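when you get a sec, could you give me coordinates for this:
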Amino acid sequence: MSAKTHIKTLIQHFSSVTDPRLDRKKLHSLTDILVISICAAICGAEEWSEIELFGKSKKKWFKTFLDLPNGIPSHDTFARVFARLEPTEFQKCFISWLDYLKDSVDSDIISIDGKTLRNSFDTASSKAAIHMVSAWSSSNGCVLAQTKVDEKSNEITAVPKLLELLDLTDCIVTMDAMGCQKDHAAKIMDKGADYVLALKGNQSGFHQEVIEYCKDAVGSNFDSVQQNKIKTTEKGHGRIETRHYHLITDLSWSKKAEQWPGIKAVGVVNSCRKIDGKETSETRFYCTSLDDVKAFAKAVRKHWNVENQLHWVLDVAFREDKCRIRKDNAPENFAILRHIALNLLKKEKSIKNGIKSKRLNAGWDEAYLFKVLTA
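Numbers count the residues shown, from 1 in each chain. Alright, predicted model coming up:
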């Protein structure tokens, strides 16, 4: 498939978004606005004036595959369109396009976690900073979907909406303690997936049961407990980290476990880290529908990818926390733009540099930008 054909496919996937403008105000095609914005986000643009400047500097290149009947839109046009664009529709197109791009894999580990866009607050209108919950595919190394947390709510209510958007068949879903809810476990099981949920104080009764039960087991290295276990050791950069994973499959001691849909085990992870002769240790608890300790250990380790490969990259390479776009739907829609750009940049493998370097190269080299768009 040629690069131009591939870009036409991208345009088609986003062509179903409803244009929020009045007909007499439509001097520029909505798909032109979206495609220019996606390209600009890939190449480092972080505000509307930068998107306009990027569009004007690349006008000749854009004319090779966009109509641009009235030239490049102004920054005010970009701002108005994204402020009024319905994020749910934009999201659905994003997911449709991603399904076309991503590789089919068995037993993907999907990590769900939230992040606050710190500068998206607006004091003048008493608008709080928005909080986005994202789903990260470990196998594909990309964002699968995202949803905004309602201003007067929290992640607990946003997670079911996000789960509803995803095809979870045969996947393993991981979440931190905020996502450790019986309703979430039920939803995940209903969608044909397994779960690994971090168990902490917000589930105080169950959490305390597990702590009390494990106190005696720790002294015997869990040998007295019906369980599966595995040990891993990682070395590097002057650090040695040893982890003992225990999957307790006999839950007859717990009064709370039976309340959790599909639960098969309680997971315990003991981590011991040695750095420059100093040793620290930590114990974490999980509830899970898995009974395979190797799959459990892999899911626990992969969950951190959502922090290291998504949230950290968005802050460092995309400067997301510095973004001051605030009006109406614009912060949420721009977050989706960043996720589209990140997915494309990660999928393009010909350059081994980091995301920041790839963004620079895409801005400098139109041939490389074509590669990113058609990865």
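
after the longest helix seen in the chain, next one along is what?
Scanning the chain for the helix with the most residues, using DSSP state H, yields helix 330-347. Later in the chain than helix 330-347, the nearest helix or strand by DSSP states H and E is helix 355-364.

show me the contact partners of that following helix.
Residues from elsewhere that reach helix 355-364 (Cβ atoms under 8 Å, 6 or more residues apart in numbering): 42-44, 54, 313, 316-318, 341-342, 345-346, 348, 351, 353, 368-369, 372. For the C-beta atoms, the positions are set from N, CA and C on the backbone; glycine is no exception.

how about a cut-off of 7 Å?
The contact list for helix 355-364 (Cβ atoms under 7 Å, 6 or more residues apart in numbering) reads Ile42, Cys43, Gly44, Val313, Ala317, Leu342, Leu345, Glu348, Ile351, Tyr368, Leu369, Val372.

distance between the longest helix of the chain and the chain's centre?
Mean-position distance between helix 330-347 and its chain equals 10 Å (Cα atoms, centre = their mean, to the nearest Å).

use 21 as the first number from now on
Will do, 21 is the new start, and the previous item becomes helix 350-367.

packing partners of it?
Packing partners of helix 350-367 (3 or more Cβ pairs under 7 Å, 6 or more residues apart in numbering; DSSP states H and E): helix 50-62, helix 95-104, helix 107-121, strand 162-168, helix 375-384, helix 386-393.

nearest to Gln223, of those?
Closest to Gln223 of the helices and strands packed on helix 350-367 is strand 162-168 (Cβ to Cβ; 23.1 Å).

what is the mean pLDDT for that closest one?
Mean per-residue pLDDT for strand 162-168: 88.

quick one on the thing from earlier: mean neighbour count, the helices and strands packed on helix 350-367: which tops it?
Burial of the helices and strands packed on helix 350-367 is given as mean neighbour count (mean count of other Cβ atoms under 10 Å); strand 162-168 ranks first at a mean of 24.

give me the residues contacting it.
107, 111, 115, 118, 122, 130, 150, 152-157, 178, 181-182, 185-186, 330, 352, 355-356, 359, 362-363, 366-367.

just the buried subset of the residues you listed, please.
Among the contacts of strand 162-168, those classed as buried by 16 or more other Cβ atoms under 10 Å are 107, 111, 115, 118, 122, 130, 150, 152-157, 178, 182, 185-186, 330, 352, 355-356, 359, 362-363, 366-367.

pull out the buried positions in stretch 29-44.
Neighbour count says stretch 29-44 has Leu30, Ile31, His33, Phe34, Val37, Pro40, Arg41 buried, by 16+ other Cβ under 10 Å.

same thing with stretch 319-338?
Buried residues in stretch 319-338, defined by neighbour count with 16+ other Cβ under 10 Å: 319-323, 325-326, 329-331, 333-334, 337-338.

and which of those is nearest Glu261?
Once Cβ to Cβ is applied, the member of the buried residues of stretch 319-338 that ends up nearest Glu261 is Arg321, at 10.9 Å.

ranges for the strands of this structure?
Along the chain, the segments classed as strands by DSSP state E run 129-136, 151-157, 162-168, 192-195, 214-219, 247-256, 259-268, 285-295, 298-308.

tell me the most buried of the ones you listed?
By mean count of other Cβ under 10 Å, the strands of the chain have strand 192-195 as the most buried, with a mean of 28.

what packs against that one?
Where contact means 3+ Cβ pairs under 7 Å, 6+ apart, strand 192-195 is packed against strand 129-136, strand 214-219, helix 313-323.

direction included, what does it pair against?
strand 129-136 (parallel), strand 214-219 (parallel) (DSSP bridges).

distance from the chain centre to it, please.
Offset of strand 192-195 from its chain centre (Cα atoms, centre = their mean): 12 Å.

and what of stretch 165-174?
When C-alpha coordinates are averaged (Cα atoms, centre = their mean), stretch 165-174 and its chain have centres 14 Å apart.

over to stretch 161-169?
Computed by Cα atoms, centre = their mean, the separation of stretch 161-169 from the middle of its chain amounts to 4 Å.

how far away is the nearest residue to Lys76 once chain neighbours are set aside from Ala382?
Ranked by Cβ to Cβ, 6 or more residues apart in numbering and with sequence neighbours excluded, the top spatial neighbour of Lys76 is Ile92, at 5.0 Å. Ile92 sits 18 Å away from Ala382, going by Cβ to Cβ, to the nearest Å.

do Thr269 as well
Applying Cβ to Cβ, the value for Thr269 to Ala382 is 49 Å.

what's the answer for Glu254, then?
Per Cβ to Cβ, Glu254 is found 34 Å from Ala382.

list the contacts for Lys322?
So, once contact is read as Cβ under 7 Å, 6+ apart, Lys322 ends up touching Ile129, Ser131, Ser158.

how about the contacts made by the last one?
Which is Ser158. Residues near Ser158 by Cβ under 7 Å, 6+ apart: Asp128, Ile129, Ser131, Lys322, Asn325.

make a markdown table out of those residues and add pLDDT and distance to Val288.
Listed next are those as a markdown table, based on pLDDT from 0 to 100; distance: Cβ to Cβ, whole Å:
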| residue | pLDDT | distance to Val288 |
| --- | --- | --- |
| Asp128 | 91 | 25 |
| Ile129 | 95 | 19 |
| Ser131 | 95 | 20 |
| Lys322 | 94 | 18 |
| Asn325 | 91 | 22 |
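
let's have these in CSV, adding distance to Lys207.
Listed next are the contacts of Ser158 as CSV, based on distance: Cβ to Cβ, whole Å:
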residue, distance to Lys207
Asp128, 17
Ile129, 17
Ser131, 16
Lys322, 20
Asn325, 22
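
between those residues, which is nearest Leu217?
Closest to Leu217, out of all of these and judged by Cβ to Cβ, is Ser131, at 11.5 Å.

is it true that the closest one touches Trp156?
Yes. Contact criterion Cβ atoms under 7 Å: Ser131 and Trp156 qualify, at 4.7 Å.

please consider this matter closed, and thank you.
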